[in-house]
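Peer 1: Provided below are the primary sequence and the corresponding predicted coordinates.
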Amino acid sequence: MSERNHSPDVASGPRSAIRRRLTPVFAGTIGAVVGAAILFQFLRAEPAHSQTQPPAGKAAAQPAAGQQVLARVNNQPIHYDAVARECVARHGKEVLENLINRLLIQQECDRQGVTVSRDEVGREVQEIAKKFNLPAETWYQMLQSERGLTPQQYQDDVIWPMLALKKLAGSEFKPTKSDMELAFKRDYGPRVKARLILIEGNIRQANQTWEECNANPDDFDRLAREKSADANTRPLGGVIPPIRMSGGADPIEAAAFRLHEGEISPVVEIGQSKYVILKCEGRTEPVVTDIKDVWDELYKQVVEEKTQTAVAKVFEGVRDKAQIQNFLADTATGRPRTAAPNGVKPASGEAPGAARARPAARTADGEAAGVQRVTE
């Protein structure tokens, strides 16, 4: 929203809107519940028992599931088991992690009596599409083009977890006056126009570069092209997008807003063996100066941001309290691991309760986890 108030929107339109809309969902904690390329079909109804049983006379003729032939190459078969083993080897940890995360959400919903119906999922998709003045069908087509998500996958992997976690997080959040003022300053306030040199090395190298910049401020462009380790800004002489005031603890932001036009910042440490030097080239001129002009739009945005934060905390809390034994990844949380179901005891040497978190992928088989996603 705010970018267009300071600089041209080079990626405007519905397609860029998809990226902006989906970024909070695919990133951070919620990204651990939605993510990669293998899917989990929640909304598919379970067939009736009588429909799943093969006729008695044909049962003996059916090959075992693992022996089902999926392909033949010069009359040599490739069986289901071989494909399954390859899938587990390539994607098993991600798929299993995703199943774990989904089951955690479902268990918490069951514990609190929370349900998400098929109609709620459909209405949410309609509402999101309406915000971009698109019919749902067009929205689905763009999602498939931009994200590789089918309608079913979008409902299952994005909408259901989002609605479930929102319900678990509680009622709608009401921004305070202070929240609104901070958001207005962040999105509509002046920003610092700057150039940047990134140094990857030690503090001595960073100080040497700073001395060159300080001695020749007008040569900052050239020095950035010669010395900066940032491949994206180096060809531009270190030019970066205007830095906004977010109110956070970003050291680059803090250094930028202390500068006047033409000044060089001190060396700013931003990570291990990573340092930044800035040159201020002035401030942007805000287009909107009165918060009343954008109050309604900004209010909705702040509510959404607060909801996303609450949703992330809910999921983190559910995960932190859970007892999880992941034998495939050889990790455990909540209690010491025991022998795996096949009697093989995982051996990692980790202390009880240690965990290695990783983003989850979507999964192919919801039945394996015994999770039913959407209620009628």
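Peer 2: Received the coordinates, thanks. Numbers count the residues shown, from 1 in each chain.
Peer 1: what mean pLDDT would you report for the helix or strand hosting V311?
Peer 2: Counting by DSSP states H and E, the element that carries V311 is helix 295-321. Helix 295-321 shows a mean pLDDT of 93.
Peer 1: Give me the helices and strands touching the helix or strand following that helix, please.
Peer 2: Remark: after helix 295-321, the chain's next helix or strand is strand 324-326, criterion DSSP H and E. Packing contacts for strand 324-326, counted by 3 or more C-beta pairs under 8 Å, 6 or more residues apart in numbering; DSSP states H and E, involve helix 80-112, strand 331-333. No exception for glycine: its C-beta is placed from N, CA and C like everyone else's.
Peer 1: so which of those gets nearest R234?
Peer 2: helix 80-112 (34.2 Å; C-beta to C-beta).
Peer 1: which stretches of the stretch 201-350 of the chain form helices?
Peer 2: 203-215, 220-227, 251-256, 295-321 (DSSP state H, counting those that start in this stretch).
Peer 1: So what touches the first one?
Peer 2: The one in question is helix 203-215. Contact with helix 203-215 is made by 197, 199, 219-220, 223, 227, 264, 266-267, 269, 275, 277, 279, as judged by C-beta atoms under 8 Å, 6 or more residues apart in numbering.
Peer 1: Just name the closest of the residues you listed to L163, please.
Peer 2: Nearest to L163 among the contacts of helix 203-215: E269, at 41.6 Å, using C-beta to C-beta.
Peer 1: residues near the closest one, how many?
Peer 2: By other C-beta atoms under 10 Å, 14 other residues sit near E269.
Peer 1: Quick check: pLDDT value at the closest residue in space to it that isn't next to it in sequence.
Peer 2: The shortest distance from E269 to any non-neighbouring residue, by C-beta to C-beta, 6 or more residues apart in numbering, is to Y275 (5.6 Å). As predicted, Y275 sits at a pLDDT of 97.
Peer 1: Show me the beta-bridge partners of Y275.
Peer 2: With DSSP bridges applied, Y275 shows beta-bridge pairing to I199, E269.
Peer 1: any idea how far W210 is from it?
Peer 2: Counting by C-beta to C-beta, to the nearest Å, the gap from Y275 to W210 is 9 Å.
Peer 1: out of the two, which sits in the busier spot?
Peer 2: The neighbour count for Y275 versus W210, taken as other C-beta under 10 Å, is higher for Y275 (23 against 20).
Peer 1: Looks like the more buried one contacts L198 (just checking).
Peer 2: Yes - counting by C-beta atoms under 8 Å, Y275 touches L198, with 7.5 Å between them.
Peer 1: on that earlier part again, which neighbours do Y275 and W210 share?
Peer 2: V267.
Peer 1: what's the residue nearest to I277 when sequence neighbours are not counted in contact with, if anything?
Peer 2: Spatially, and ignoring its direct neighbours in sequence, I277 is nearest to I197 (4.6 Å; C-beta to C-beta, 6+ apart). Residues counted as contacts of I197 (C-beta under 8 Å, 6+ apart) are T209, C213, F220, L223, A224, K227, S228, D230, G238, V276, I277.
Peer 1: Now for P217, how many residues are close by?
Peer 2: 12.
Peer 1: isn't it right next to K279, touching?
Peer 2: Yes - between P217 and K279 a contact is recorded at 6.8 Å, counting by C-beta under 8 Å.
Peer 1: Widest-spaced pair of the contacts of helix 203-215?
Peer 2: Farthest pair in these (C-beta to C-beta) is D219 and E269. Separation: 23.5 Å.
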